[in-house]
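Participant: What follows is a predicted structure for the sequence shown.
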Amino acid sequence: LTLWPRSAALRLKPSETKLLNTMAVVRSVVSTTHTLRATSGVKVRQPLQQLWISRSLPQNCLDIIAEETNVKIVSIGAVEAQPFIMTLEADGITVALDTTVNETLKREGLARELIRQLNGLRKRMGLTIKECTAPTAAMLGHGCAAQHVLIALMVRNREGHHERGGVVARTRKPPHHFNE
């Protein structure tokens, strides 16, 4: 084996080095937030309201952190200790996470969980997203919760499908174990 080649062409520009360092901070914040979620028992699928970090970052980085951690608001600055706010320091950055789940956040988390379950069932049936935009009778007849109907309708509405009544027909038969 040979060493990685060292060449002037492979040297990073200062702007690239700055970007890599900023993204290392973003990765550290995301990782720390996931640790706080795991410690508190709150799944990443469950949206949370707010996250605070002790280091200033550009807005596009805050947006990435919000998306990766499923937090509505990412703020810069310190936060006072409160019962439902967990704090952890890693790599010189303090991260504080509000683990309070209000009714709106709870419903949004439930909807995400149900969508995940519906997609898992769709995959087990061998259907693609285009083939199954709503639960079929075969899905509902084999132990699926009626909540899947509501979630599928929510998904269709979010994607711009606003037809009324009925279930969208499948274009393939489900695997034989769903016909038993």
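Facilitator: Perfect, thanks for sending it.
Participant: Quick check: closest non-adjacent residue to residue 75.
Facilitator: residue 52 (5.0 Å; C-beta to C-beta, 6 or more residues apart in numbering). Placement of C-beta: from N, CA and C, glycine included.
Participant: One more: residue 105?
Facilitator: Residue 105 sits nearest to residue 47 (C-beta to C-beta, 6+ apart), 5.1 Å away.
Participant: what does residue 100 give?
Facilitator: Per C-beta to C-beta, 6+ apart, closest to residue 100 is residue 84, 4.4 Å.
Participant: How much space separates the one you found from residue 72?
Facilitator: Distance of residue 84 to residue 72, given as C-beta to C-beta, to the nearest Å: 15 Å.
Participant: swap in residue 18?
Facilitator: Distance from residue 18 to residue 72, by C-beta to C-beta: 28 Å.
Participant: and the two? which has more neighbours close in?
Facilitator: Shown here are residue 18 and residue 72; by other C-beta atoms under 10 Å, residue 72 has more neighbours (14 against 11).
Participant: quick revisit: just give me the neighbour total for the residue nearest to residue 105.
Facilitator: Around residue 47 there are 19 other residues, counting by other C-beta under 10 Å.
Participant: Same question for residue 56.
Facilitator: 10.
Participant: Might one say that it is in contact with residue 76?
Facilitator: Yes. Using C-beta atoms under 8 Å, residue 56 is in contact with residue 76, at 5.4 Å.
Participant: Quick one: list the elements packing against whichever strand or helix holds residue 117.
Facilitator: Taking DSSP states H and E as the definition, residue 117 sits inside helix 103-124. With contacts defined as 3 or more C-beta pairs under 8 Å, 6 or more residues apart in numbering; DSSP states H and E, the packing partners of helix 103-124 are helix 147-158.
Participant: Could you give the average pLDDT over the helix it packs on?
Facilitator: The pLDDT scores in helix 147-158 average 51.
Participant: biggest helix in this structure by residues?
Facilitator: In the chain, taking DSSP state H as the definition, the longest helix is helix 14-40.
Participant: tell me which residues in that one are buried?
Facilitator: Residues of helix 14-40 classed as buried: 25, 26, 28, 29, 30, 32, 33, 36, 37 (neighbour count, 16 or more other C-beta atoms under 10 Å).
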